[in-house]
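*Asks:* no sequence for this one, just the structure:
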Ligand code: CDP
């Protein structure tokens, strides 16, 4: 199963246990998908998984063990041994971890090792929630191709850099807007051009450009799309 909502539908019968609803959000770095995913999860009372923490987590483990993120075999081992426990409290949002995360994320063995965890989360949302919201780069294309609703969230590079810069300053990290913009561009380029599960808008995803939208505006737009799908599918 690929985080499907279609299996009960195609079977033509309504099973007593409905498959969980899955909302997929993909898009480039700092596009606002994380904030949006959290708002959606809170509003519909769904579980939320920021899948970026898995790649950041593997990257952090590598750097912490003084391993080279480019070392493919070691990265795969770190991904296979990965657990959320291992990165509890770890500083996974530093520029070093961000850069290393997109390096390990281009490794097919790493992606394969992290796939099961993501699908299990979507298919059996923790807390017995009836739906899950996952945000990342390949949720709608690879992890959950049968997701109930898909969004591709984007914004101009300048706006994304500005938002990320503000976040970092608020978190007490010294950095310049120019450095943040350069980091985002390198990461976007690597994420979009890797061979395995590249970052791309799924054909059936709703494009949400948040360049000139507030957080509330983006959420309202997403909610309209979701409510419409729920209404049409009687969910
Ligand atoms: O928060 P931000 O948008 O900056 O990045 P993130 O979502 O935390 O993801 C960090 C990195 O993990 C990305 O640059 C990707 O290389 C990788 N990633 C991925 O390949 N696939 C995902 N589903 C999620 C993240």
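*Replies:* Everything's here; your move. Being a predicted model, the structure only gives us computed values, none of them experimental. Numbering: from 1, shown residues only.
*Asks:* Tell me where the chain has strands.
*Replies:* Ranges of strands in the chain, per DSSP state E, are 21-26, 47-50, 131-136, 149-154, 206-209.
*Asks:* Any chance of those strands in JSON lines with mean pLDDT, distance to residue 166 and mean neighbour count as columns?
*Replies:* Every C-beta, even on glycine, is put in place using the N, C-alpha and C of the backbone. Shown next, in JSON lines, are those (pLDDT from 0 to 100; distance: least, CB to CB, whole Å; neighbours: other CB atoms under 10 Å):
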{"stretch": "strand 21-26", "mean pLDDT": "98", "distance to residue 166": "21", "mean neighbour count": "28"}
{"stretch": "strand 47-50", "mean pLDDT": "98", "distance to residue 166": "19", "mean neighbour count": "20"}
{"stretch": "strand 131-136", "mean pLDDT": "98", "distance to residue 166": "20", "mean neighbour count": "28"}
{"stretch": "strand 149-154", "mean pLDDT": "98", "distance to residue 166": "18", "mean neighbour count": "24"}
{"stretch": "strand 206-209", "mean pLDDT": "98", "distance to residue 166": "19", "mean neighbour count": "17"}
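*Asks:* closest to the ligand out of these?
*Replies:* Proximity to the ligand (CB to the nearest ligand atom) singles out strand 131-136 among those, at 2.3 Å.
*Asks:* tell me the angle the closest one makes with strand 149-154.
*Replies:* 30 degrees (axes from the mean of the first three to the mean of the last three CA atoms, to 10 degrees).
*Asks:* so what strands line up beside strand 131-136?
*Replies:* Strands that pair with strand 131-136, judged by DSSP bridges, come out as strand 21-26 (parallel), strand 47-50 (parallel).
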